[in-house]
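Chemist: Provided below are the primary sequence and the corresponding predicted coordinates.
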Amino acid sequence: MAAIYPVALPQVYGYLLPRCGSVAVAEDLTAETFMAAVAASRRRPPPHVTVAWLIGIARHKLVDHWRRAEREHRGLAAAEQELPAGEDPWHEVLDAQAAHAALRRLSLPQRTALTLRYLDGLPVAEVARHLDRSVHATETLLVRARSALRRVYREGEHHAA
Amino acid sequence: MPRDPLEALRLPVVPVEPRPQFTTALLRRIQGAPEPAGHAATVRYFVDDMDAAVAFYCHALGFEEELRPAPAFAMLYRGDLRLLLSLPIEPHALGDGTLPVPGTGFNRMSLRVRDLRGTVDELRTQGISFATAITAGPTVDTVLLRDPAGNLVELFEPRGPGYHERPSTPPPRRVHEHRQRPLHRR
């Protein structure tokens, strides 16, 4: 692990930082990722330690982090779920930076689903596996999340104007 | 079908260096994490009588019994050397079915002792059979003896300044640090 560390550390941290948007959280999750990797590398047979494998662990740590945070703020998240889905798909061209800012204002389940689906580019089935939901429930969550993102994004545009 | 505009959110991983203090502290945590077992050099011997073999290595040669989880297997330690004793049964067969035969061949482990002559005298009183007399080499005196299964064990005592042994070093962190050069293939 120490051998790959100089190369892998900036990649893992570079994956986590823009997704969680906080240096403190990114550092915690980076440390959790590497300690989990050290523990996993003791298994027999040992895993093949690559940057991609480490980023996979980091993705799990990020989802776990949001899941914990969501449990702590379940009331807020539940209120968010009640919003109507609105129309889909979305035809406007997005300003990526403003969209990322809007993403950070969504409820944690929505933010998690959109991050895995669009920032990481995972297929829906894989997003469902990470969230421990059915594909159908994940598709519904993604529809609502896209709709919420559009609303928050438009509000942002409105405030900027 | 139009491309989903949210695809524009795709965020490739761009490397970011964390704070140097964080980098150093995390590296220290990784290196400080206890390593998997494997500090001891390990040798396996095949024996035909497990009780006799364990008694021999523990009583005559200063090993300690660590584990004996099954009749066909025992794990002994002598300092940093781990000795695995196995009965020559099916799990140890080669691909063609050949089973190991205890007590054959000249390969052996070498155990360093402080006083070779005194050790040999002491072991003779225990009725242990020696395969050679004490032999003086360029830098060590050696003697070969046999365990109850007939396996050879070498005892040696360094003699003179030409003797070399690497000072004790921590074990490699990863096995493949030593596998960077390809193995020779036939």
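Modeler: Received, thanks.

Chemist: rest of the way, CA atoms for contacts and neighbours
Modeler: Will do.

Chemist: So what's the residue count around residue A:50?
Modeler: 13 (other Cα atoms under 10 Å in any protein chain shown).

Chemist: give me the number of residues near residue B:93?
Modeler: 12.

Chemist: My read is that it contacts residue B:101, right?
Modeler: No: because the distance of 10.4 Å does not satisfy Cα atoms under 8 Å, residue B:93 is recorded as not touching residue B:101.

Chemist: quick one: low-confidence ranges for chain A?
Modeler: Counting by pLDDT under 70, the ranges of chain A that qualify are A:74-94, A:157-161.

Chemist: which residues in it form helices?
Modeler: Along chain A, the segments classed as helices by DSSP state H run A:5-20, A:23-40, A:51-72, A:74-81, A:96-103, A:108-114, A:124-131, A:135-160.

Chemist: of all those, which lies closest to chain B?
Modeler: helix A:5-20 (4.5 Å; Cα to the nearest Cα).

Chemist: quick one: contacts of the closest one?
Modeler: Outside helix A:5-20, the residues that touch it by Cα atoms under 8 Å, 6 or more residues apart in numbering or on different chains are A:23, A:25-27, A:29-30, A:51, A:54-55, A:58-59, A:62, A:115, B:12-18, B:23, B:27.

Chemist: and residue A:23, what is it in contact with?
Modeler: Residues in contact with residue A:23 (Cα under 8 Å, 6+ apart) are residue A:17.

Chemist: Quick check: closest non-adjacent residue to residue B:17.
Modeler: Leaving aside its chain neighbours, residue B:17 sits nearest to residue A:10 (4.8 Å; criterion: Cα to Cα, 6 or more residues apart in numbering or on different chains).

Chemist: now residue B:67
Modeler: Closest residue to residue B:67 apart from its sequence neighbours, by Cα to Cα, 6+ apart: residue B:75 at 5.1 Å.

Chemist: chain center to the helix or strand where that neighbour lies, what's the gap?
Modeler: Assessed by DSSP states H and E, residue B:75 sits inside strand B:73-78. Taking Cα atoms, centre = their mean, to the nearest Å, one finds the center of strand B:73-78 at 11 Å from the center of the full chain.
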